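S.K.: Sharing a sequence plus its predicted fold:
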Amino acid sequence: MAAKSHMAIEPGMKVAAQMAVEPSEEDFQFVRQMGVEYAVVWADAAKASAEYYTERREDFDRHGIKLYGMGNSGVHNVAAITLNLPERDEKVEEYKRHIRNLGAADIPYTTYAHMANGVWSTPPETTRGGAQARAFDIDKLQEGAGGAGFGTVTELHHDYEEEELWDNFTSFAREVAPVAEEARVRIGIHPDDPPGVKLGRVPRPIFSSFAGYKRAMEIANSPNIGLCLCIGCWLEGGEAMGEGVEETIRYFGGQEKIFKVHYRNVDRPLPHFVETFVDDGYFDMYRAMKVLQEVGFDGTLIPDHIPHMGDDPRLGTAYTIAYMRALQKRAEEESVG
């Protein structure tokens with residue numbers, strides 16, 4: 001069953017830009033110059049309201065950009081929800097308000113991360129041409145370099161069991177799914193980053209493998225809860241994910257459960273990886289684009305975690321989007337050839 005949505009989701013893949021929630025005229029011009037017609041943004045929790053979300057969508061509309069998705073930093077990757085800590089109920093209610101606000105504003109999608117104890121990294125390393133890039137090295141982490149990042153808690157009072165984490169997700173999903181369906185908003189759940197590694201007394205049994213996602217989607221049992229498929233995270237996990245990128249796209253894409261894709265590459269899988277330029281990792285990213293075309297993916301694809309290129313962050317964005325659009329065109333042409 002296809003997800004319900006206010007916005008008429010046009011068929012076909014959509015390369016999108018991740019933009020500031022309140023872009024400048026120059027920002028809008030840059031995105032239009034790249035030939036991009038869709039955007040996703042993140043709002044600050046302090047501004048979260050149906051009125052603000054509507055104002056933002058209308059501003060994007062006036063500039064010729066369709067606002068496909070909006071996240072809320074206050075309810076994204078929240079340890080109170082994933083680990084059932086104090087304020088859990090308040091945060092779930094806040095998340096449900098976010099979903100209702102999106103529906104009222106005619107914004108059809110939001111990314112949500114339910115990572116068991118957040119995103120972890122070690123100090124940046126270099127990739128092609130000396131570009132600085134995010135990295136994770138389990139040996140360096142054990143030596144005390146790097147560590148906790150967004151959504152993490154470092155002072156926990158017990159070691160979590162896997163079923164405890166499944167129970168926390170189950171209660172969240174069953175509360176949120178009916179709200180998403182009523183609001184006609186798609187929720188795409190992002191993989192653990194990094195996947196599979198026990199970090200800070202917390203295992204990662206849910207969004208770290210094909211089998212975990214399959215069980216989670218069965219628990220949620222909603223056309224409006226699906227995947228934000230971060231290809232980079234899937235590649236970080238490598239064989240431990242259980243199925244490869246292409247097989248995962250065929251399975252979940254065939255069920256219309258992939259709502260958004262983060263188009264990112266890495267140099268190798270765990271225990272040590274460095275994020276790379278999209279054309280410079282161990283995976284041929286065209287293979288993902290081709291299968292997305294085959295399954296009729298109708299969501300957005302965005303560049304993600306681009307290594308630093310030059311002294312202007314727009315350089316890396318323009319490079320990556322141009323590469324993605326070229327792969328998209330090739331996949332579309334080959335599908336009718």
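M.R.: Yep, it's here. Numbers count the residues shown, from 1 in each chain.
S.K.: Am I right that residue 281 is in contact with residue 235?
M.R.: Yes - assessed by C-beta atoms under 8 Å, residue 281 is found in contact with residue 235 at 6.7 Å. In this view, the C-beta of every residue, glycine as well, is placed from N, C-alpha and C.
S.K.: Mind listing the shared neighbours of those two?
M.R.: Listed as contacting both residue 281 and residue 235 by C-beta atoms under 8 Å, 6 or more residues apart in numbering are 265-266.
S.K.: The two: who's more crowded?
M.R.: Neighbour totals were compared for residue 281 and residue 235, and residue 235 leads with 27 against 21 (other C-beta atoms under 10 Å).
S.K.: How about the more buried one: what's its closest non-neighbour residue?
M.R.: Leaving out its chain neighbours, the residue that sits closest to residue 235 by C-beta to C-beta, 6 or more residues apart in numbering is residue 266, at 4.9 Å.
S.K.: do the same with residue 281
M.R.: Among residues not flanking residue 281 along the chain, residue 265 sits closest, at 2.9 Å (C-beta to C-beta, 6+ apart).
S.K.: Relative to the whole chain's centre, how far out is stretch 123-130?
M.R.: Mean C-alpha position of stretch 123-130 versus that of the full chain (C-alpha atoms, centre = their mean, to the nearest Å) differs by 23 Å.
S.K.: what's next to that stretch, contact-wise?
M.R.: Applying C-beta under 8 Å, 6+ apart, the contact partners of stretch 123-130 are 132-135, 140, 145-146, 267, 274-277, 280, 307.
S.K.: Quick check: mean pLDDT of it?
M.R.: Throughout stretch 123-130, pLDDT has a mean value of 96.
S.K.: Could you do stretch 54-73 as well?
M.R.: Stretch 54-73 carries an average pLDDT of 97.
S.K.: How far does it stretch from one end to the other?
M.R.: Taking C-alpha to C-alpha, to the nearest Å, stretch 54-73 runs 17 Å from one end to the other.
S.K.: Next, the buried residues of that stretch.
M.R.: 54, 56-57, 60, 65-72 (16 or more other C-beta atoms under 10 Å).
S.K.: Let's have those in CSV, adding secondary structure and distance to residue 226.
M.R.: Putting the buried residues of stretch 54-73 into CSV (DSSP: H, G, I helix; E, B strand; the rest coil; distance: C-beta to C-beta, whole Å) gives the following:
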residue, secondary structure, distance to residue 226
54, helix, 24
56, helix, 23
57, helix, 22
60, helix, 23
65, coil, 23
66, strand, 19
67, strand, 19
68, strand, 14
69, strand, 13
70, strand, 17
71, strand, 15
72, strand, 18
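S.K.: Throw those into CSV and include distance to residue 250, thanks.
M.R.: Output for the buried residues of stretch 54-73, formatted as CSV (distance: C-beta to C-beta, whole Å):
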residue, distance to residue 250
54, 37
56, 35
57, 33
60, 33
65, 31
66, 27
67, 29
68, 23
69, 24
70, 29
71, 27
72, 31
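S.K.: Relative to residue 120, which of these is nearest.
M.R.: Nearest to residue 120 among these, counting by C-beta to C-beta, is residue 71 at 20.0 Å.
S.K.: Which strand residues bridge the closest one?
M.R.: Under DSSP bridges, the beta-bridge partners of residue 71 are residue 42.
S.K.: my read: it touches residue 107, true?
M.R.: No - counting by C-beta under 8 Å, residue 71 sits too far from residue 107 to count as a contact (10.4 Å).
S.K.: ok so residue 9 is a strand residue?
M.R.: No - counting by DSSP: H, G, I helix; E, B strand; the rest coil, residue 9 falls outside a strand, being coil.
S.K.: ok, for it, nearest residue in space, not its chain neighbours?
M.R.: Nearest residue to residue 9 in three dimensions, chain neighbours excluded: residue 298, at 5.4 Å (C-beta to C-beta, 6+ apart).
S.K.: Strands along the stretch 1-150 of the chain, start to end?
M.R.: 14-18, 38-43, 66-72, 109-113, 120-126, 132-137, 147-148 (DSSP state E, counting those that start in this stretch).
S.K.: Can you name the next helix or strand after the one helix or strand residue 189 maps to?
M.R.: Applying DSSP states H and E as the criterion places residue 189 in strand 186-190. Using DSSP H and E, the helix or strand that follows strand 186-190 in sequence is helix 210-220.
S.K.: quick one: contacts of the very next helix or strand once past that following helix?
M.R.: Beyond helix 210-220 on the C-terminal side, the first helix or strand identified by DSSP H and E is strand 225-230. For strand 225-230, the external contacting residues (C-beta under 8 Å, 6+ apart) are 3, 111-112, 173, 176-177, 180, 186-191, 193, 213, 217, 248-249, 252, 256-262, 264, 304.
S.K.: tell me which residues form a beta bridge with the residue nearest to residue 281?
M.R.: For residue 265, the beta-bridge partners are residue 276 (DSSP bridges).
S.K.: per-residue confidence for it?
M.R.: What the model reports as pLDDT for residue 265 is 98.
S.K.: again with residue 171
M.R.: For residue 171, the predicted pLDDT is 98.
S.K.: What residues of the helix or strand encompassing it count as buried?
M.R.: If you go by DSSP H and E, residue 171 is part of helix 162-183. For helix 162-183, the neighbour count (16+ other C-beta under 10 Å) marks 164-166, 168-170, 172-173, 176-177, 179-181, 183 as buried.
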